[in-house]
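Student: Got a sequence here, can you model it:
(one chain, ligands or ions: 3)
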Amino acid sequence: MIDVLLGLQWGDEGKGKVVDVLSPRYDIVARYQGGPNAGHTIIIDGVKQVLHLIPSGIFHAPSVCVIGNGVVIDPVTLKKEILSLEAAGIEVRSRLLISDRAHLILPTHKLLDAASEKAKGEKKIGSTLRGIGPTYMDKTGRNGFRVGDLSHRDSEERYNVLVQKHQRLIQQYDYEYNLQESQAGFHEALDFLRGMKRINSEQYLNDAMTGGKKILAEGAQGTLLDIDFGTYPYVTSSNTTSAGACIGLGIAPRHIRKVYGIFKAYCTRVGSGPFPTELDNDMGELIRKQGGEFGATTGRPRRTGWLDLPLLKYAVTLNGVTDLIMTKADVLSGLDEVQYAYAYKTSNGIEETCPYDLSDSDIQPLYKSAPSWGNVSEAKSYDEIPDTLKNYIGTIEEYTGQKTSFVSLGPDRSQIVERA
Ligand code: GDP
Ligand code: IMO
Ligand code: MG
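Tutor: Ligands and ions are numbered 1, 2, ... in the order given. You can find the predicted model right below:
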């Protein structure tokens, strides 16, 4: 059987932390989409680790970590990440399996990402510039370069053909670049990747399930960044929703047991695009400061705002969430009150569903407020958290129709309570 854990907002909900906490319950942790645009933070005894490609189960030997076919891999980032974990004493190479169907991010994909964003000017997506969009475009355009291609006799020729295609595309932009410089370390990283365990991961995972192994699928980004259901075009280029786990790992829907949907007690977004409950004021600044809301991949300040229940419910529905996980409730401790959007006022009246175009200026979130809570970061059980927080959780559960299984109350691995 397989459980899926994914983000219900615009990413950075705390997936890395919670996957790390849950991973002792599983034999295998597998990433199924996205690439090094992700930054998953894990804090163990005060030491911080940020993972971009390697599943967040890596800190729990002997669990096996799989990078599935749906992920796009930058070999340079992967090599750096493996070496850095090994330097911290973590056994990686024997435990990390990489799908031979996963696509590779080439240096020229990153150049194309940068050139495209520059050309968009004010309308830029706010991409992490990790080459994600151009790599998925080559995948769906049937031009991609895959991990399995590294073993082909003509892999160098395939690489060169693709690079030449990219150079022709970049020429159409007013964008200066140095190919030599951008390729620094790339070929060494490809050789490094050739030495890793590259497998048919769909077969491996299905055999593992037949043998009774338990798998946790780790999502990247969040539902509102999904290519189909997110705030298009301000989205990423993969399916971040639970269906993406089937495609990105080669697992049939009937094997999915639980879907853990993780959300912050408020909202954040990094990059451009609509954010109806955004707090562009002192309160927004306070939440950013208290929550340390700066991107784990790019260091950019994250935009902050109140919890948006219509969007949360939309995400719960799309993913078939069975268990909610709330994070960062501690960040709102000590406020006079918290607010949350419970509906939208639109030109059609009051709606509780997700409007087609959230950037439409006619759309106004309608808010309710609730009392806040005191310090919760020391709580060791669900019973110990204050009634005001329990009531806030109750409101969310009633609205979305789903129960909350975990509440995370601080960044450390130990700061989480499970609800019986
Ligand atoms: P991910 O991309 O979903 O894995 O999330 P990120 O790692 O990008 O961002 C989440 C940030 O919040 C990280 O800095 C975590 O260390 C931190 N974090 C996770 N859970 C909690 C929590 O419950 N409370 C607080 N204060 N910080 C948390
Ligand atoms: P994790 O897994 C938050 C955002 C970018 C940008 C948009 C497109 O850590 O939650 P891309 O580089 O994919 O072309 O960027 O998506 N974005 C994320 N925001 N968390 C992430 O990942 C993100 N990955 C991409 O900021 O707005
Ligand atoms: Mg992140």
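
Student: And the lengthiest helix in the chain, how far out from the chain middle?
Tutor: Using DSSP state H, we find that the single longest helix of the chain is helix 155-171. Relative to its parent chain, helix 155-171 has a centroid offset of 29 Å by Cα atoms, centre = their mean, to the nearest Å.

Student: for it, which positions count as buried?
Tutor: By neighbour count with 16 or more other Cβ atoms under 10 Å, helix 155-171 contains the buried residues Ser155, Arg158, Tyr159, Leu162, Val163, His166, Leu169, Ile170. Any C-beta I mention is one placed from the backbone N, CA and C, and that applies to glycine too.

Student: which residues touch the closest residue to the fourth one other than its chain neighbours?
Tutor: Closest residue to Leu162 in three dimensions, ignoring its sequence neighbours and counting by Cβ to Cβ, 6 or more residues apart in numbering: Phe145, at 5.6 Å. Residues near Phe145 by Cβ atoms under 8 Å, 6 or more residues apart in numbering: His103, Leu104, Leu106, Asp138, Arg158, Tyr159, Leu162.

Student: give me phi/psi at Thr108?
Tutor: Here is the backbone geometry of Thr108 (degrees, to the nearest 10): phi -70, psi -20.

Student: scratch that, Ser84
Tutor: Per-residue torsions, Ser84: phi -70, psi -40 (degrees, to the nearest 10).

Student: Also Asn37?
Tutor: According to degrees, to the nearest 10, Asn37 has phi -70, psi -20.

Student: Run a quick neighbour tally on it.
Tutor: Asn37 has 27 neighbouring residues, counting by other Cβ atoms under 10 Å.

Student: Now for the closest residue in space to it that isn't next to it in sequence, how many residues are close by?
Tutor: Setting aside the residues directly before and after it, Asn37 is nearest to Thr128 in space (Cβ to Cβ, 6+ apart), at 4.2 Å. For Thr128, the count of nearby residues is 21 (other Cβ under 10 Å).

Student: Could I get the contacting residues of Thr128?
Tutor: If you count contacts by Cβ under 8 Å, 6+ apart, Thr128 has them with Pro36, Asn37, Gly271, Gly295, Thr297, Thr298.

Student: In this structure the fourth one contacts Arg269, no?
Tutor: Just to be clear, that refers to Gly295. No. Gly295 lies out of contact with Arg269 (Cβ atoms under 8 Å); the separation is 10.5 Å.

Student: so what sits against both of these two?
Tutor: Common neighbours of Gly295 and Arg269 are listed as Arg302 (criterion: Cβ under 8 Å, 6+ apart).

Student: ok, these two, which is more surrounded?
Tutor: Arg269 (24 against 16).

Student: do you know how far the residue nearest to that one when sequence neighbours are not counted is from ligand 1?
Tutor: Spatially, and ignoring its direct neighbours in sequence, Arg269 is nearest to Trp10 (4.0 Å; Cβ to Cβ, 6+ apart). Counting by Cβ to the nearest ligand atom, to the nearest Å, the gap from Trp10 to ligand 1 is 10 Å.

Student: Could you do Val29 as well?
Tutor: 13 Å.

Student: Hmm, that residue is touching Gly57, no?
Tutor: Yes. Val29 is within contact range of Gly57, at 2.9 Å (criterion: Cβ under 8 Å).

Student: okay, and the common contacts of those two?
Tutor: Taking Cβ under 8 Å, 6+ apart as the contact rule, Val29 and Gly57 both touch Val19, Ser23, Ser63, Cys65, Leu216, Glu218.

Student: quick one, what contacts the third one?
Tutor: Think Ser63. Shown in contact with Ser63 (Cβ under 8 Å, 6+ apart): Ser23, Pro24, Tyr26, Asp27, Ile28, Val29, Gly57, Arg95.

Student: Which residue, other than its chain neighbours, is closest to it?
Tutor: Looking at Ser63 with Cβ to Cβ, 6+ apart, the closest residue is Gly57, at 4.7 Å.

Student: tell me the pLDDT at the one you found?
Tutor: pLDDT, the model's per-residue confidence, is 98 for Gly57.

Student: and what of Thr298?
Tutor: In this model, Thr298 is scored at 87, pLDDT.

Student: Give me the three-state assignment for it.
Tutor: Classification of Thr298 using DSSP: H, G, I helix; E, B strand; the rest coil returns coil.

Student: Chain neighbours aside, what residue packs nearest to it?
Tutor: Nearest one to Thr298, counting by Cβ to Cβ, 6+ apart, is Thr128 at 5.5 Å.

Student: so what's the one you found scoring on pLDDT?
Tutor: Note on Thr128: pLDDT of 96.

Student: sec struct for it, please.
Tutor: Of the three states, Thr128 takes coil according to three-state DSSP.

Student: Can you give me the distance of it to Gly11?
Tutor: Using Cβ to Cβ, to the nearest Å, Thr128 is found at 10 Å from Gly11.

Student: cool, and Tyr204?
Tutor: Relative to Gly11, and taking Cβ to Cβ, Tyr204 is found at 28 Å.

Student: For stretch 413-420, what does the pLDDT average out to?
Tutor: In this model, stretch 413-420 has an average pLDDT of 95.

Student: Any chance you could give me that stretch in CSV, C-alpha atoms only?
Tutor: Output in CSV follows, covering the C-alpha atoms of stretch 413-420 (Å, rounded to 0.1, in the frame of the first residue of the first chain):
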residue,chain,number,x,y,z
ARG,A,413,11.4,17.0,14.4
SER,A,414,10.1,16.7,18.0
GLN,A,415,7.5,19.5,17.8
ILE,A,416,4.5,17.7,16.6
VAL,A,417,1.4,16.1,18.2
GLU,A,418,-0.7,13.3,16.9
ARG,A,419,-4.4,13.1,17.5
ALA,A,420,-5.6,9.7,18.6
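
Student: need the residues of the stretch 201-350 of the chain near ligand 3, please.
Tutor: Ala296 (Cβ under 5 Å from the ion).

Student: where exactly do the strands run in the stretch 201-350 of the chain?
Tutor: 215-218, 256-264, 267-269, 303-305, 307-308, 323-327, 337-346, 349-351 (DSSP state E, counting those that start in this stretch).

Student: Pick the most deeply packed of those.
Tutor: By mean neighbour count, with neighbours taken as mean count of other Cβ atoms under 10 Å, strand 215-218 ranks first of those at a mean of 28.
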